[in-house]
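> Give me coordinates for this.
(chains A and B)
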Amino acid sequence: MPRKDADRLSLILLMTPLLLWLVLLILLPHLGIGYLSLREKVAPRVYHFSFANYIDFLHEPIYWNTLLRTAWMSILVTVLTLFVGFPIAYYIAKVAGRRSRAALFLLCLVPLWVSDLVRAFGWMMLLRETGIVSGLLQWAGLSSGPVEMLYNDVTVIVGLVYTVVLFMIVPIVSTLDGMDNSLIEAGYNLGGSRLTVLRRIIVPYAMPGIVAGCIIVFMLTAGSYLTPVLLGGKNSMWFTEQIYDQFITRYNWEGGSTFGILLLVFTSLVVWAGLRLSGQNLATTVAKR
Amino acid sequence: MSSEQANDLECEHLTKRFGAFTAVDDVSFEIPSGSFFSILGPSGCGKTTLMRMIAGFEDPAAGDIRIKGRSVLGTPPNRRNVKMVFQHLALFPMMNVGENIAYGLRCAGVGRSDIERRVRDVLERIGLPGVEGKEINQLSGGQKQRIAIARCMVLEPDVLLLDEPLGALDLKLRERMKIELKLLQHQFDTTFVYITHDQSEALVMSDRVAVMNGGRFEQIGAPQELYNAPGTAFVAGFVGDSNRWSGRVVAADAEAVQVETAGGARLLCRPGALRPAPGEAVEVFVRPEAIAIAGGGAGEGAGGNRLAGRVDSLLFNGAASRVLVRGADDRLVEVAYAPEGGPGDFGPGDAVELAWAAAQTKCFPSQG
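Predicted coordinates:
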């Protein structure tokens, strides 16, 4: 039947770019990295199959400490982003009027129009020793000399939260949008306090959006490179930095590949654990609607 | 402790404005304990705003609301002992039936074993024992309805507000739920305030009905009173079916008013509370079942109204069947007929004579 053929053709045309992208840019590189990570260099241009790279990783505390630190910081960033993003999302979805809602959404999007690099540079202009904040503090007499606010963990976390908060807001707004306001009113009407209504009605309803946002934010944070490096400097000890070092500085592709695989596996484990703890699964969160 | 206590809910000169628009305009009423009170009105008449003020979701611009004699104006919604069944019920989808009902009890700090017992009790009273563990989406429309009521009644409210809760149900179920709601109200012996735009819901279930229009109460009374003795043209037109003519008063005395309709027919009417003066514009209402129909001038009905016409069509609708008669002035008049005997002797095109008593003809001054 011609109708069926047309359907099939359009399916193929639609799927081809996606499949090409998945295979060429996601699947193939990972297979390559996985293969590289399992090779050990025994002599120039002589390689053996072995787990030596993984064993090296375990033997060098600085490596796995960096990985753990990256994971912990990313979890912290995710939690902070949730606390910052949820009230904004709630305001956009439930409090703001219909017209101001679009404007607020747009305002949230504005930072995305500027590249990561420029945004990080903006933070540097504000926070460096000769920067605007330092200058203001001195001018106001709150500080006697220049203050260096870059290159510490707090700055890295603030910068990361700022970079990823939108990815928390959007999924939460979209779940809260579908929530009937009368559910909230019923919560009050039946005797619930503000806290009870938030804890037992609003948050459980928004849970799929919250979990989706957390997954996206955690993955983005753990895999980010520019913000921790620029704002944290040499102290940032971000795992992606180690990967970069292995590949570019030390030209140790085997080691870099191993770290890449480890980062993927470890962050996936964290996400899996998070899903188990919150009683959600991917089908009800990220894949919703 | 005296007569004040006999009323569960009193509203006094209640007013609410949204910008320049007055949604509720100086409404006063009181509802005695244990009665079923309906507020009936077309959509946009302010009835939902009125209910939201009673529940505490809106603050009145003026006036007072008293529950069991105590003003609740400063009381937030979660402290008022007024519970509400929402239009779409607003059952919490992330909780099962038992948790939905237990929610209010937990908010009130009732002990765990006590909660379990009271949830079981209330489910038994609404005739759904043992459904605690079910999810909300496993219930039928009628069951959800009863769970929503049980969720409120388990808290033993002074007043239960119901905001058109039958609107989403299909017709058959709606008819059944009407009777069931009335029975539940008797069983719980709580004051129900029911909001609806469906006059049959209001008439069937209520002890008293307030007809609301444009933010004001047009009339408060028992259903029979509203039907048989409407106080205003709006009530006469909104409650029950009516034939309506607009006309001008020709003559008026203590007993009757003579009206000439726009089509030229002369009708004898019984005036309402206000006797219209000659020359005034009025509206005349006659119920379809008050009109007798007879073929070819056999009608009697001394001292009443007569109208000759031709049968235009027959509308069969069971007990609410109608004959449409086209009068000399080219207007259609609805006349009730008994469906089992059938009109029998007349069909479309036949000449007939309509007759009805002056006492069954109500006239009111035109509005606006």
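
> and the residue of the stretch 1-150 of chain A found nearest chain B, backbone torsions?
Closest approach between the stretch 1-150 of chain A and chain B, counting by C-beta to the nearest C-beta: A:G97, at 13.6 Å. All C-beta atoms are positioned from the backbone trio N, CA, C, and that covers glycine. Dihedral angles of A:G97 (phi, psi; degrees, to the nearest 10) stand at phi -70, psi 170.

> give the contact list for it.
For A:G97, the contact set (C-beta atoms under 8 Å, 6 or more residues apart in numbering or on different chains) is empty.

> Nearest spatial neighbour of the residue nearest in space to the middle of chain A, chain-adjacent residues omitted?
In chain A, the residue lying closest to the centroid (C-alpha atoms, centre = their mean) is A:L220, at 2.4 Å. Sequence neighbours aside, A:V164 is the residue nearest to A:L220 in space, at 5.1 Å (criterion: C-beta to C-beta, 6 or more residues apart in numbering or on different chains).

> my read: the one you found touches A:A222, true?
No. Assessed by C-beta atoms under 8 Å, A:V164 is found out of contact with A:A222, at 10.7 Å.

> rewinding a little: what about the residue nearest to the centre of chain A, helix or strand, and which?
In the assignment (DSSP states H and E), A:L220 maps to helix A:203-222.

> Bridging across strands, which residues link to the nearest residue to B:G237 once chain neighbours are set aside?
Distances taken as C-beta to C-beta, 6+ apart place B:R244 nearest to B:G237, at 6.2 Å, with adjacent residues excluded. For B:R244, the beta-bridge partners are B:F285 (DSSP bridges).

> Please list the residues of the stretch 101-250 of chain A that sit near chain B.
A:180, A:182-183, A:185-193, A:196, A:200-201, A:204-205, A:207 (C-beta under 8 Å from any C-beta of the partner chain).

> swap the cut-off to 10 Å and go again
A:179-194, A:196-197, A:200-201, A:203-205, A:207 (C-beta under 10 Å from any C-beta of the partner chain).

> among those, which ones are buried?
A:179, A:182-192, A:196-197, A:200-201, A:205, A:207 (16 or more other C-beta atoms under 10 Å in any protein chain shown).

> for B:A222, what are its contacts?
Applying C-beta atoms under 10 Å, 6 or more residues apart in numbering or on different chains to B:A222 gives the contacts B:L203, B:S206, B:D207, B:R208, B:V209, B:N228, B:A229.

> what's across from the fourth one in the sheet?
In this case it means B:R208. Note on B:R208: beta-bridge partners by DSSP bridges are B:F37.

> the helices in chain A, which residues?
Assigned by DSSP state H, chain A shows helices spanning A:2-21, A:28-37, A:52-59, A:61-90, A:98-109, A:116-127, A:132-139, A:153-177, A:181-189, A:194-197, A:203-222, A:226-232, A:239-244, A:253-278.

> quick one: low-confidence parts of the chain?
Answering for chain A, as no chain was given. For chain A, the stretches with pLDDT under 70 are A:1-2, A:285-289.

> oops, chain B please
B:1-5, B:272-273, B:295-303, B:339-345, B:368.

> and the lengthiest helix in it, which residues are buried?
Counting residues, the longest helix in chain B under DSSP H turns out to be helix B:171-188. Going by neighbour count (16+ other C-beta under 10 Å), the buried part of helix B:171-188 is B:L173, B:R174, B:M177, B:K178, B:E180, B:L181, B:K182, B:L184, B:Q185, B:F188.

> Stretch A:48-64 too?
A:A52, A:N53, A:F57, A:Y63.

> go on, stretch B:252-259?
Buried, per 16+ other C-beta under 10 Å, within stretch B:252-259: B:A252, B:A256, B:V257, B:Q258, B:V259.

> what does stretch B:64-74 give?
Neighbour-count burial for stretch B:64-74 flags B:I65, B:R66, B:I67, B:K68, B:V72 (criterion: 16+ other C-beta under 10 Å).

> Could you identify the most distant pair in the residues you listed?
Farthest pair in the buried residues of stretch B:64-74 (C-beta to C-beta) is B:I65 and B:K68. Separation: 11.4 Å.

> Just say helix, strand or coil for B:L307.
strand (DSSP: H, G, I helix; E, B strand; the rest coil).

> Test of understanding: give the bridge partners of it.
The partner residues for B:L307, given DSSP bridges, come to B:L354.

> is it true that it touches B:L268?
No. B:L307 lies out of contact with B:L268 (C-beta atoms under 10 Å); the separation is 11.7 Å.

> Can you work out which residues contact both of these two?
Common contact partners of B:L307 and B:L268 (C-beta under 10 Å, 6+ apart): B:W356.

> Return the residues in contact with the residue of the stretch 201-350 of chain B found nearest chain A.
Nearest to chain A, among the residues of the stretch 201-350 of chain B, is B:E201, at 20.0 Å (C-beta to the nearest C-beta). The contact partners of B:E201, by C-beta under 10 Å, 6+ apart, come to B:38, B:40, B:162, B:164-167, B:174-175, B:177-178, B:181, B:194-195, B:209.

> How about the backbone phi and psi for it?
The phi/psi pair for B:E201 (degrees, to the nearest 10) is phi -60, psi -50.

> What sits closest to A:G192 if chain neighbours are left out?
Closest to A:G192 by C-beta to C-beta, 6+ apart is B:C107, at 4.8 Å.

> and if you look at B:T75?
B:G56 (6.6 Å).

> Surely that neighbour is in contact with B:V72?
Yes. The criterion here is C-beta under 10 Å, and B:G56 meets it with B:V72 at 7.1 Å.

> so what's in contact with these two at the same time?
Contact criterion C-beta under 10 Å, 6+ apart; residues shared by B:G56 and B:V72: B:I65, B:R79, B:R80, B:V82.

> just these now: which is nearest A:V84?
B:R79 (31.7 Å).

> Report the contact partners of the closest one.
A:Y188, A:G191, A:S193, B:G56, B:V72.

> Got the phi and psi for the closest residue to the third one other than its chain neighbours?
Spelled out, that is A:S193. Here the nearest residue to A:S193 in space, its sequence neighbours aside, is B:N78; by C-beta to C-beta, 6+ apart that works out to 6.2 Å. B:N78 adopts backbone torsions of phi -80, psi 0, taken as degrees, to the nearest 10.

> and if you look at the one 3 residues further on?
Backbone torsions of B:N81, given as degrees, to the nearest 10, read phi -90, psi 50.

> Can you tell me how far B:L173 is from chain A?
According to C-beta to the nearest C-beta, to the nearest Å, B:L173 and chain A sit 21 Å apart.

> Next one: that residue from A:Y63, what distance?
Distance, B:L173 to A:Y63, using C-beta to C-beta, to the nearest Å: 67 Å.

> likewise B:R106?
Distance, B:R106 to A:Y63, by C-beta to C-beta: 49 Å.

> Kindly report the same for A:V114.
Using C-beta to C-beta, A:V114 is found at 34 Å from A:Y63.

> Name the residues linked to B:L162 by a beta bridge.
Here B:L162, judged by DSSP bridges, has bridge partners B:V85, B:Y194.

> For the nearest residue to A:M73 once chain neighbours are set aside, which residues are in contact?
Leaving aside its chain neighbours, A:M73 sits nearest to A:I157 (6.7 Å; criterion: C-beta to C-beta, 6+ apart). By C-beta under 10 Å, 6+ apart, the contact set of A:I157 is A:M73, A:S74, A:L76, A:V77, A:L80, A:T81, A:T221, A:T227, A:P228, A:L231, A:G232.

> Let's see that with 8 Å instead.
Contacts of A:I157 (C-beta under 8 Å, 6+ apart): A:M73, A:L76, A:V77, A:L80.

> ditto for B:G44
Under the criterion of C-beta under 8 Å, 6+ apart, B:G44 has no neighbours.

> Go ahead and report the secondary structure state at it.
With three-state DSSP as the basis, B:G44 sits in coil.

> quick revisit: any idea how far B:T22 is from the residue nearest to A:G192?
On the measure of C-beta to C-beta, B:C107 and B:T22 end up 35 Å apart.
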